[in-house]
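Asker: Generate coordinates for the sequence data below:
(4 chains, ligands or ions: 6)
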Amino acid sequence: MNLTVTHIAAGVALAHARMKTLEQELNVADSRLGDGDTGGMLRRVLDLMAEQRMDGIDDVGVSLGILAKAAAAATGSSLGTLLATGLLTMSKRTKGRTEIPWSELAPLLEQARDAVMARGGAKLGDKTVVDALDAVSSALAGAGDQAGVRARAVAACDEALVRFRNEPCRMGRARMYADKSIGMDDPGMLAFARLTESVCRRGT
Amino acid sequence: MNLTVTHIAAGVALAHARMKTLEQELNVADSRLGDGDTGGMLRRVLDLMAEQRMDGIDDVGVSLGILAKAAAAATGSSLGTLLATGLLTMSKRTKGRTEIPWSELAPLLEQARDAVMARGGAKLGDKTVVDALDAVSSALAGAGDQAGVRARAVAACDEALVRFRNEPCRMGRARMYADKSIGMDDPGMLAFARLTESVCRRGT
Amino acid sequence: MKKLINDPAHYVDEMLDGLCAAHPSLTRDGPAGRVIRRTEGARAGKVGIVTGGGSGHLPLFTGYVGPGLVDACSIGNVFEGPTVDSCMAAIKAADGGRGVLRLYGNYGGDRMNFDMAGEFLEDDGLELSTVLGTDDIASAAPEERSKRRGVAGIVYAYKIAGARADEGASLAEVTAAAAKAVERTRTIGCALAPCQIPGAAEPSFRIAPSEMEMGIGIHGEPGIWRDTLKPADAVADEMVDRLLAERPEGSGHRVSVLVNSLGATPLEELFILYRRIAERLDKAGLAVVQPLVGPFVTSMEMAGVSLSLCFLDDKMERLLAAPASCPFWRVG
Amino acid sequence: MKKLINDPAHYVDEMLDGLCAAHPSLTRDGPAGRVIRRTEGARAGKVGIVTGGGSGHLPLFTGYVGPGLVDACSIGNVFEGPTVDSCMAAIKAADGGRGVLRLYGNYGGDRMNFDMAGEFLEDDGLELSTVLGTDDIASAAPEERSKRRGVAGIVYAYKIAGARADEGASLAEVTAAAAKAVERTRTIGCALAPCQIPGAAEPSFRIAPSEMEMGIGIHGEPGIWRDTLKPADAVADEMVDRLLAERPEGSGHRVSVLVNSLGATPLEELFILYRRIAERLDKAGLAVVQPLVGPFVTSMEMAGVSLSLCFLDDKMERLLAAPASCPFWRVG
Ligand SMILES: Nc1ncnc2c1ncn2[C@@H]1O[C@H](COP(=O)(O)OP(=O)(O)O)[C@@H](O)[C@H]1O
Ligand SMILES: Nc1ncnc2c1ncn2[C@@H]1O[C@H](COP(=O)(O)OP(=O)(O)O)[C@@H](O)[C@H]1O
Ligand SMILES: [Mg+2]
Ligand SMILES: [Mg+2]
Ligand SMILES: [Mg+2]
Ligand SMILES: [Mg+2]
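Answerer: Ligands and ions are numbered 1, 2, ... in the order given. The predicted model follows:
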């Protein structure tokens, strides 16, 4: 089976549910390095995404576009805006198609990553959400089925968190506290990893 | 020996010294029933009183007048203003005299009490500094020497505090908390009693 | 309770120096510099208005010195009345030859000192009158209105009496305008966190992290109830209800509203409250005129708000809208 | 951290409703009502100025909409940038046919959304320019000035660019005036106590009762040092020294000063600081022009202050003194 709107809708529901406990964890992570709003912001983004009705929609690109619009309507924060940017990019590349082979996920995520880098100005290695996105897109190269995608994505996120934990932040608010940020997870990477895990862990 | 400027100056010095520990005690008492400034205010009043030079002054009325002016210059709080009023009244009655028999203290304090009541509008029994002043002036009636004055004044203050502790405040800020004030000392009475004790305890 | 201050003994004087340095329309004067007056001096031929009270309430009292408002102010230590000498000096500074109205809050120390100052000055032939702010409905029952404390609502008396004086009215007329403003103004406050007098070892009261207190005074005088913190709308409703229950006799349907921060409460919360208050007043058939939202009468870093309603008649509304200007409030 | 609010989810919208209800010169508009614009609309033939950012900083951003200042503002959730749709709507609301300057603080979310909005609108032929506030000297080294955060000093850019636009200047001229104001303005802040985002379980940072932090950002971004609370004069001295060490090249001896409360710090403390700051500037041979003391850019109930210096030239001084008016600041 390929990736369809059903998978996307189920993924949103799972991520949305995960925010219940994740919200405060991300706020705390962001309050150490930034302004403490990552969790509340993502909760609001996922609230609005989860409200979007996908009934009768089978165009993957259309459904991703709806989610991108919801993210952009819910917030103007850095991470939320980058999320909207990534989703919009993937939406444009999948417009008109109802099924996407799992093997296409890697190049789609690469294009999202490039769009996010262009919008936000972060480079690879700056310890931002971009590095998590990059880790997942690299890990998925060659993954041909859903089970493989799931396992590799989760592992790639874990690995990225560990790899960057002792690096300094080089972008966003946390940039100023490069030293302080050593030993801490970047809130955006952490959010990406936790949500990826929640989407991949259970059957979508 | 009669009461002279020397006694007055020594009394001020003792009361001033007592404020070191009394300041916060009175602030706390006032913060329960009023605005928490009785201690800081009286400390400032006694600082300024203690700064007044009495060298070369032997007119009791003049020296009391200097103290009244100092109190009035240091504060415009209720208690400070009433203290200045009382001192000014006693100053007027003793102008031109270098010695006052101890037996005259009672009527002098009565006149001060009446002036304070006229200025502040409190009645006897309202649980204010007036009641302490009244207790002392009554107790001194008939006291002919310094030792007698000291002992009676201290006893009268203690007795007044106990007698009024379980009464409600009926005047000033504490008026509103009549119920709450039951079981608590009125800050003005407490200040008067503590300072009387400090002046009388040691040899002036 | 943290403060960005130096020696607490210099708190008031350094504050006044900074105030006058930043606002050249204000000048320090009087004994120990405890008078703030208009730099350009009293206006000859105008009734003077003088106010005063303790420090710790900025913009009150000193901040309301300016054209169309008050002419001079005697200022005491934190939460202490002004000295009799500074009251005398302030009255003199406000004197333009047509008499002076003493307009201040109903507190023991302030009253005694302004009274004494008056007794000295009346001997000199100066014509004086007095109006006391008594707007705090939580501080005495309606039968004892004259015993109530003066709080934020006094700014309405400043504005209305100040405009009347500017029109060239007599002392009796200005006094009547001030008395009318006081009579028509009701305030209630509530606090979430205390302030601390500089130099004091303890805050002026203690309140649990989950609690609030309704009816508290601007010096932390105890209020009506203390209970779990309520939502803003519930707090707004209770304050409106309590004030409307004391709607002055003969008042019409036009009202000015002051939503005042006691210090630490931010503008965001004032506007959240104002939204509900305006809705409630509208439902009660009242039209809001010239609303004021901000820190007008504070208690240093106390967290909390007060709500004042000034029930207007045509004349009061005209006086409220007349031009006035001080460092913290400008009309027209 | 106590707040007088209702559901945190409605914090911003209720606040904006209250703001516009209290100040009829402001109107809510745009997608989800997240644009505040001048009620009378954009002035035809005038260059528009638009700003925007996250909520929680009143009077910033929405409060500076008014003649001689900014024309419209897109406003986000607390500490979040405004959405791209609200940025587009705000830009359109500010458009008087001669182009629009986007003037806002240098934060990632704000920048991305104003950039995207511009990309959409430039397709429609709207002429746009951008100036970013970058006055916070604690947020990057002098060599990286363009990476600095924008904080309280942005009000100088509003005022100076706003006056230039009012004079009928072109988009390039207004943009140059704003850029000059930013280039000539330096700010540093310090905090004594944190704020809390409505709905968050924890304050945005923690700081011991005996400590302060120098260089903190208006969202609680960590600062330069954290140590025992210092006396006001020492704090003033350090802030002045740090700002003067970065005196812009070619600046003269006239400077405007903004002593700003981050929220809970009362006016009394601001004036105590101002007194010292004015003395220090005087000693440094600088003449203070139009000082500003009060809450201009806050972080809700955060306790602390910031100091901004705007180094003026003749033209900037003239523009700073030109008439302007918004609910929280009036000149002329
Ligand atoms: N310019 C950027 N490029 C890539 N990622 C970024 C950028 N800025 C922020 N981020 C990511 O967003 C996270 C912070 O998100 P958020 O709390 O929404 O930001 P803010 O409150 O600063 O607007 C960071 O941890 C980082 O991973
Ligand atoms: N009108 C009054 N008459 C007599 N005593 C008064 C009066 N008002 C206050 N007091 C006394 O002064 C004390 C409070 O003093 P102080 O703290 O200086 O008052 P405040 O801060 O209210 O001006 C009270 O405890 C009471 O004993
Ligand atoms: Mg953040
Ligand atoms: Mg007191
Ligand atoms: Mg007092
Ligand atoms: Mg943010």
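
Asker: Smallest gap between the stretch 151-300 of chain C and ligand 6, at which residue?
Answerer: C:Glu268 (16.0 Å; CB to the ion). Heads up, the C-betas are built off the backbone N, CA and C, glycines and all.

Asker: buried residues in the strand or helix carrying A:Ala106?
Answerer: Counting by DSSP states H and E, the element that carries A:Ala106 is helix A:105-120. Within helix A:105-120, the residues scored as buried using 16 or more other CB atoms under 10 Å in any protein chain shown are A:105-106, A:108-110, A:112-117, A:119-120.

Asker: Now do the contacts for whatever residue of the stretch 51-200 of chain C ends up closest to ligand 4.
Answerer: The minimum distance from the stretch 51-200 of chain C to ligand 4, using CB to the ion, falls at C:Phe79 (6.4 Å). Applying CB atoms under 8 Å, 6 or more residues apart in numbering or on different chains, we find C:Phe79 in contact with B:35-37, B:77, C:54-56, C:197, C:219.

Asker: thinking again about what came up before, pretty sure the residue of the stretch 151-300 of chain C closest to ligand 6 sits in a helix.
Answerer: Yes - per DSSP: H, G, I helix; E, B strand; the rest coil, C:Glu268 lies within a helix segment.

Asker: That one contacts D:Met300, doesn't it?
Answerer: Yes - contact criterion CB atoms under 8 Å: C:Glu268 and D:Met300 qualify, at 6.2 Å.

Asker: Is there proximity between stretch A:11-25 and ligand 1?
Answerer: No - figure legend: stretch A:11-25 not in contact with ligand 1 (CB under 6 Å from any ligand atom); closest approach 12.1 Å.

Asker: was I right about A:Ser78 contacting A:Arg119?
Answerer: No - taking contacts as CB under 8 Å, A:Ser78 lies outside contact range of A:Arg119: 9.7 Å.

Asker: which other helices and strands contact the helix or strand of chain A with the lowest mean pLDDT?
Answerer: When the helices and strands of chain A are scored by mean pLDDT, DSSP states H and E, helix A:178-181 comes last with a mean of 77. Packing partners of helix A:178-181 (3 or more CB pairs under 8 Å, 6 or more residues apart in numbering or on different chains; DSSP states H and E): helix A:5-33.

Asker: Could you tell me how far the helix it packs on lies from the centre of the chain?
Answerer: Chain-centre distance of helix A:5-33: 10 Å, with CA atoms, centre = their mean, to the nearest Å.

Asker: Return the residues of the stretch 1-150 of chain C in contact with chain D.
Answerer: Proximity of the stretch 1-150 of chain C to chain D (CB under 8 Å from any CB of the partner chain) is limited to residues C:2-7, C:11, C:14-19, C:21-22, C:55-56, C:58-59, C:63.

Asker: The buried residues of helix A:105-120 also near ligand 1: which ones?
Answerer: Counting by CB under 6 Å from any ligand atom, the members of those near ligand 1 are A:Gly120.

Asker: Now tabulate the buried residues of helix A:105-120 in TSV and tack on distance to B:Arg194 and pLDDT.
Answerer: Output for the buried residues of helix A:105-120, formatted as TSV (distance: CB to CB, whole Å; pLDDT from 0 to 100):
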residue	distance to B:Arg194	pLDDT
A:Leu105	81	96
A:Ala106	82	97
A:Leu108	81	97
A:Leu109	77	98
A:Glu110	80	98
A:Ala112	76	98
A:Arg113	75	98
A:Asp114	78	98
A:Ala115	76	97
A:Val116	71	98
A:Met117	73	97
A:Arg119	71	97
A:Gly120	68	95
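
Asker: Low-confidence regions, chain A specifically.
Answerer: Scanning chain A for pLDDT under 70 picks out A:172-177, A:202-204.

Asker: Go again with 90.
Answerer: Applying pLDDT under 90 to chain A flags the ranges A:1, A:31-35, A:168-182, A:201-204.

Asker: Is any residue of the lowest-mean-pLDDT helix or strand in chain C near ligand 5?
Answerer: The weakest-scoring helix or strand in chain C, judged by mean pLDDT, DSSP H and E, is helix C:108-123 (a mean of 94). No - Helix C:108-123 stays clear of ligand 5 (CB under 5 Å from the ion), getting no nearer than 6.1 Å.
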